[in-house]
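Undergrad: My questions are about this predicted structure, shown below with the sequence.
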Amino acid sequence: MTSNTQEPASLQVPIQRREKGPFHIKIRLGENAPIGVLLDTGSTGIVIGHEHLPSSAVKMDPQPPYKVGYSSSDKAYAGAWYSVNVTIPGVGGCAVTNQLPIFSATSHPGVAMCGVGVQGDKPATFNPFLSIDSITLKGSPNTFVTQGYVLSKDGITLGLSEEIVSQFPTMVPMDDFKATVHLKPTGTVGGALYHFKAPALIDSGIGYMILNPSLRSVTDAPPGFCNKETGHFLDGTSIKFDGGISYDFTVGDHEGNPPMAADYVRWGTSKKGRIINTGRNVLMAYEMLIHPGNNRFGFRKIAAD
């Protein structure tokens, strides 16, 4: 790594998406051609179907003690961890390449996930956005990087500078990011009829919102909010999120809903306990800063088009 006296470098990585759909980026595994992967801030680590594994991959021995699964879908994945040379291409011919552990899933062919979250059980060495020592820029290889990134609906900035960080007026603790949701059933007047506080997660991997106040099952949910068979909230339910940033919306396709309104909302019953998972649509209105060195998430409102 070069001297830290120089200005840290940043790499711009394009995002591929359609309207409020999933975020995808391109990565290259070993000598293989680039593939598209779903960008997921709700998990940590790259997970691919076994058919994407390059011949240069080395099976890790011993295997890391981390199981792979996604609480939003309650799916568990079978496979093994490999050490792979991973390249993330940026704009203008720039790129970053590192040797990373990736999970090759034998149980789910075709899967291609790039987990860049920081709130799970895996260390930063599994996060392809936070395992960067240097960035290869045109004419300036191995440029020093300050760990962290910015995620927006229009692209990613890998590597931070003081100038980038200063542009985010709202900061919340990364290890204690909590929010409160206020819920009001359709057809009611007055204040919220139910609210709870829980750890919050901005999850770019899903388009819906999951609310889990430690329910054992959907039948334990407060009455009047949801279909007790599916756990999905009823059309017309009012929801307000308050956690560093604040916004509110009405469940369903309603005129006047803000761009960060979730596609739908459901109660969660994950064994992992209380959580408020906003889904990715928050990123239609806010840019998000992930700054491990300062233990902070940052938020900046996107100017209206």
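TA: Structure's in. What do you need? Residues are numbered from 1 along each chain as shown.
Undergrad: First-to-last residue distance for stretch 52-64?
TA: Start and end residues of stretch 52-64 are separated by 20 Å (C-alpha to C-alpha, to the nearest Å).
Undergrad: now stretch 53-60
TA: Counting by C-alpha to C-alpha, you get 13 Å between the two ends of stretch 53-60.
Undergrad: what is the rounded mean pLDDT of it?
TA: Stretch 53-60 shows a mean pLDDT of 97.
Undergrad: neighbouring contacts of it?
TA: Stretch 53-60 has contacts (C-beta atoms under 8 Å, 6 or more residues apart in numbering) with 29-32, 80-85, 101-102, 104. Where C-beta positions appear, they are placed from N, C-alpha and C, glycine not excepted.
Undergrad: roughly how far apart are H24 and A285?
TA: 20 Å (C-beta to C-beta, to the nearest Å).
Undergrad: returning to what we had before: buried members of the contacts of stretch 53-60 into ChimeraX, please.
TA: Buried residues among these (16 or more other C-beta atoms under 10 Å), as a ChimeraX selection:
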select :29,32,80,81,82,84,85,101,102,104
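Undergrad: Out of the contacts of stretch 53-60, flag the one nearest to I132.
TA: N85 (13.7 Å; C-beta to C-beta).
Undergrad: Hmm, T157 is touching P14, no?
TA: No: in this structure, T157 is not within contact of P14 by C-beta atoms under 8 Å, at 11.2 Å.
Undergrad: The two - which one has more neighbours?
TA: Between T157 and P14, counted using other C-beta atoms under 10 Å, T157 has the larger neighbour count: 19 against 13.
Undergrad: Return the set of buried residues in stretch 237-246.
TA: The neighbour-count check on stretch 237-246 (16+ other C-beta under 10 Å) flags 237-239, 241, 243-245 as buried.
Undergrad: For V84, pull up the helix or strand it's in.
TA: strand 79-89 (DSSP states H and E).
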